[in-house]
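In: fold the following.
(2 chains)
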Amino acid sequence: MTAFVSRRFALLLPVLLGILIVTFALVRLIPGDPCKAMLGERATEEKCNAFRERYGLNDSIPVQFVRYIGNVIQGDFGTSIQNGRPVTDVLAERLPMTMELTLLATVFASLLGVSLGVVSAIRHNSSVDVGAMVFANIGVSMPVFWLGLMLAYIFALSLKDTIFQLPPSGRLTPGTDLPSLLEVWGMQDAGGLWRFFLIFISNSVILNSIIQGRLDITVDALRHLILPAIAVGTISLAIIARMTRGSMLDVLTQDFVRVARAKGLYERAVIMRHAFRNALVPIVTVIGLQIGGLLSGAVLTETVFSLPGMGTKIVEAITARDYPVVQAFTVVIAIIFVLVNLIVDLSYAYLNPRIRVS
Amino acid sequence: MQETIKQATPASAQNAIELMKVQTPAQRTIRRLLRNRSAQVGMALLAALILIAIFAEVIAPYDPFKRVSGVKRRSPPCIHLLGCPANQPQHLMGIDGNFRDFFSRVVFGSRLSLQIGIVTVTFAVIVGTLLGSLAGVASPWLDNLIMRAMDIMLAFPSLLLAIAIVTVLGPGLINTLLAVAIVSIPVYARVVRSSVIGVKGLDYIAASEALGASKMRILFTRILPNSLTPLIVVATLGIAGAILEAAGLSFLGLGAQPPTAEWGLMLGDERNSVFNAPHLVFFPGIAIMLTVLAFNLLGDGLRDALDPRRKI
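Out: I've put the predicted structure just below:
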C-alpha cells in the first residue's frame, strides 16, 4: 500500500512541472511585446522599461522560468495589473466561493445520481428506468449556463411569493454584512500563509458565518447557492446516474449476487452490501472525473448568477488583460484537479484491494 | 407465405438460412445502427438540423442580421395559429434586443454550430490520430514524450484550458475553434494509441512486415483502418462536447463576436433580459440542447452497434 501511494505521488511531480511549463509558456506566447499587451498600446518606452525591470522580462527564458517556479512554490503569483494587489490575496478571496459551489454541486450530483442509477438498475426496463435514462440523456446535453438562466427564471419569477422562491443572483441578500475574520479578530497585519488562510476562511461565507455564529447568514448563503449548484451539477448527475446504472447492471448478473439471494438474504442486503459495494469502483472514478467538468461549469455558472468566484474573476481578468491573475487561477485550478484525481486513485486502493497489488 | 415457411422449418435450419445471408461487417453495423433506438432518434434529429442548416435561407423569413422595421424591441413571439392578431406580422420566436427576427437568427445559428462541431473535431481527430499512432509505433521514449505531454493537457479542465488559450490568441470565433480543438486532441491521441498498440501485435501485421511492406504503409493501410472503431464513437460524442464548449466560450464573450448568429453568443447577449424577455434565452438554449442531444444519441447508438462483443 505504501509503495502504491508513494509511486502515485512520484508520478505527480512531472505533471505538476508540466502544468507550470504550460502556464508559463501561455503568458510568454502572447503575440507582440508583453509590455504593450499588458499595459496597452499607448504605454511609453519609459514605462515599458520599468515594467520589464519589475517583472524580470529582460532575463533569459530559463532564468525567468526558474524564478517563476520558485515564486509559485512560495505562493507568490505576482501582482494584479488591474489594481496592483497581490494575486495571492485575490485567489484567497475568490477560491472559496468556487470551492463551495463545486462541493455543493458534487454532493447534489453524487447523491441524486447514484440513487437514480441504483433504482434504474434494480427496476431495469421499467418506466422509472426509461424515464431516468431519458432525463440523463437530456441532462448531459444541456448547456450549464442556459440551465442556470432557466432555473433563475423559474424559481425567482414563476415561483415568486411561494415557499419555493429562491434568489436568482448574488452571494448574499443585499445589505447583509459579514465582516472579515481579519477585522473581527483584529489581525489586519497578519502575513504569509496565515493571512491567506484567514482571507480564505473569511470569504467562505458558509464557514465564516458559522464561526461567527451568524446562522441566519449561513442559511441565506446556502439559499443563494441552491440554484447554481443544481445548474452546475445536472450534467454530472446525469453522467453519474448512467454510470451507476451500467455498473450495477453488470454486477447484478454475477454469480455472487445469485449466491447471496440463494442464501435467503433480504433483497435490500443483496443490493446494498453485495452488489452496490462491488459496483462502486467505476462510480467513484466517474465522480472523480466529474470534478473537472464541475469546475468548468462553475466558471460559466458564476457568470450567470453573478457570484464572486474564480470564474467571474477569470473572465474579468481576460477582458482587462490581467495575465498574472489568469495565469495564477489556471495553475491553481489545474493543481486542484490533479490532486482530486490523486485522491480518486488512492480511494480505489481502498475499494478494490486488487489494484494495490498490480 | 413467409410465415408458413418459418413455421415449417426447424430452428436449426432457420439459423443456417440466416448464416447464408452473408453480410460484410459494415452492413452488419449499419443494420444494427438502424435498429438502435438512440441512434434512430439521434439520426432523425441530426437530419432535421442538417436540412435546416442547408435551407436556412428558405426557412428563415427575415434577414438574420437586419433590423425589422415597425416592431417593438424584445417583443415576445407572435404566432398566428396561437392567437396572435392576424394584422401583426408573424415572429415565431419574437424580436431580439437589436430589432431582429429571432427565429431567423436561431435558424441561421444551426449552420455555425454544426460547422463548429465538425471542424473542431476533424482537426482534433487528425492531429490526435497522427500523435497517437506515432506514439503507438514509435520508440518508447517518443511514445513517453508524446503521452506525457497529452497527460499534462488532460491535467487542466478542458474549458479552462480553452479559456487560457483564447486569452493568448485573443477572443474570436476562429481562435475559439482552435482552442476547443487543441484541448480535445489528447482524448483522440489516447484512443488511437491504445487501439494501435492492440492491433500491432496481431498476426496479419507480422504477415505484412514479412511481405516487406514499409512501416508507413503498414500504419496507414493495416493498423489505422483497424483501429477506427473506438475513434468513430469518441469523435461523435466529441462533436457534442465541442459544440457545448464553443457555445460556453461565446456565452462568455470570448468566442463568436456580434452580430454573428451563434447560439451561445445570442444567449450571452440576452442573458440580462431573462426576466422580461425569457423567449430570447429559451430558444437558443433549446437549439443547443437538441443539437448536442443528437450527437450524444448517435454516439451512444454507434457504440452499441460497433461493439463486437454484442450479440448479433
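
In: who in the stretch 1-150 of chain A is up against chain B?
Out: If contacts are counted using Cβ under 8 Å from any Cβ of the partner chain, the residues of the stretch 1-150 of chain A sitting beside chain B are A:14-15, A:18-19, A:21-23, A:26-27, A:29-30, A:137-138, A:140-147, A:149-150. C-beta coordinates here come from the backbone N, C-alpha and C atoms, glycine included.

In: got it, and the stretch 151-300 of chain A?
Out: Applying Cβ under 8 Å from any Cβ, we find that the stretch 151-300 of chain A lies next to chain B at A:152-153, A:156-157, A:168, A:292-293, A:295-296, A:299-300.

In: avg pLDDT for the helix or strand where residue A:260 lies?
Out: With secondary structure defined by DSSP states H and E, residue A:260 is part of helix A:255-262. Helix A:255-262 comes out with an average pLDDT of 88.

In: below-threshold pLDDT in the chain: ranges please.
Out: Picked chain A for this. Applying pLDDT under 70 to chain A picks out residues A:1, A:32, A:34, A:37, A:352-358.

In: sorry, I should have been clearer: chain B.
Out: Regions of chain B meeting the criterion pLDDT under 70 cover residues B:1-21, B:308-312.

In: okay, which residue is most central for it?
Out: For chain B, the residue lying nearest the average C-alpha position, counting by Cα atoms, centre = their mean, turns out to be residue B:239 (2.5 Å).

In: what's the distance between the nearest residue to that one once chain neighbours are set aside and residue B:178?
Out: Nearest residue to residue B:239, sequence neighbours excluded (Cβ to Cβ, 6 or more residues apart in numbering or on different chains): residue B:117, at 4.0 Å. The gap separating residue B:117 from residue B:178 is 14 Å, by Cβ to Cβ, to the nearest Å.

In: pretty sure residue B:65 is in a strand, no?
Out: No: counting by DSSP: H, G, I helix; E, B strand; the rest coil, one finds residue B:65 to be coil, located in no strand.

In: contacts only, for it.
Out: Listed by Cβ atoms under 8 Å, 6 or more residues apart in numbering or on different chains, the contact partners of residue B:65 are B:100, B:259, B:261.

In: between the residues you listed, which sits nearest chain A?
Out: When these are compared for distance to chain A (Cβ to the nearest Cβ), residue B:261 wins out at 16.5 Å.

In: can you tell me the closest non-neighbouring residue to residue B:37?
Out: Distance criterion Cβ to Cβ, 6+ apart; nearest residue to residue B:37, sequence neighbours excluded, is residue B:301 at 7.8 Å.

In: how about residue A:229?
Out: Counting by Cβ to Cβ, 6+ apart, residue A:229 lies nearest to residue A:104, which is 4.1 Å off, once chain neighbours are set aside.

In: show me what counts as buried in the strand or helix carrying that neighbour.
Out: Per DSSP H and E: residue A:104 is located in helix A:87-122. Neighbour counts using 16 or more other Cβ atoms under 10 Å in any protein chain shown place A:87-88, A:90-102, A:104-106, A:108-110, A:112-114, A:116-122 of helix A:87-122 among the buried residues.

In: then the helix or strand just after that helix to CSV, C-alphas only?
Out: The helix or strand immediately downstream of helix A:87-122 is helix A:127-141, counting by DSSP H and E. The C-alpha coordinates for helix A:127-141 follow below in CSV (Å, rounded to 0.1, in the frame of the first residue of the first chain):
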residue,chain,number,x,y,z
SER,A,127,-40.9,3.1,-16.7
VAL,A,128,-38.8,4.5,-13.9
ASP,A,129,-35.7,3.2,-15.7
VAL,A,130,-36.7,4.6,-19.1
GLY,A,131,-37.7,7.9,-17.6
ALA,A,132,-34.4,8.3,-15.7
MET,A,133,-32.4,7.5,-18.8
VAL,A,134,-34.3,9.9,-21.0
PHE,A,135,-33.7,12.5,-18.3
ALA,A,136,-30.0,11.5,-18.2
ASN,A,137,-29.7,11.9,-22.0
ILE,A,138,-31.2,15.4,-21.9
GLY,A,139,-29.2,16.3,-18.8
VAL,A,140,-25.9,15.7,-20.4
SER,A,141,-26.9,17.7,-23.5
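
In: show residues contacting helix A:127-141.
Out: Counting by Cβ under 8 Å, 6+ apart, the neighbours of helix A:127-141 from elsewhere in the structure are A:116-117, A:119-121, A:123, A:234-235, A:237-239, A:241-242, A:245, B:38, B:240, B:244, B:289-290, B:292-293, B:296-297, B:300.

In: spatially nearest residue to residue A:230 (excluding sequence neighbours)?
Out: Once chain neighbours are set aside, the closest to residue A:230 by Cβ to Cβ, 6+ apart is residue A:151, at 6.1 Å.

In: meant to ask about residue A:75
Out: Distances taken as Cβ to Cβ, 6+ apart place residue A:88 nearest to residue A:75, at 5.7 Å, with adjacent residues excluded.

In: related to what we said a few turns ago, among the contacts of residue B:65, name the buried ones.
Out: Buried residues within the contacts of residue B:65, counting neighbours by 16+ other Cβ under 10 Å: B:100, B:261.

In: show me which of the contacts of residue B:65 is closest to residue A:266.
Out: residue B:261 (58.8 Å; Cβ to Cβ).

In: a strand runs through the closest one, doesn't it?
Out: No: secondary structure assignment places residue B:261 outside any strand; it is coil (three-state DSSP).

In: is it true that it touches residue B:108?
Out: Yes: in this structure residue B:261 lies within contact range of residue B:108 using Cβ atoms under 8 Å: 4.2 Å.

In: ok, back up a step: which strands and helices sit next to the helix holding residue A:104?
Out: Helices and strands in packing contact with helix A:87-122 are listed as helix A:127-141, helix A:192-203, helix A:205-211, helix A:215-252, helix A:277-304, helix A:310-319, helix A:323-351; criterion 3 or more Cβ pairs under 8 Å, 6 or more residues apart in numbering or on different chains; DSSP states H and E.
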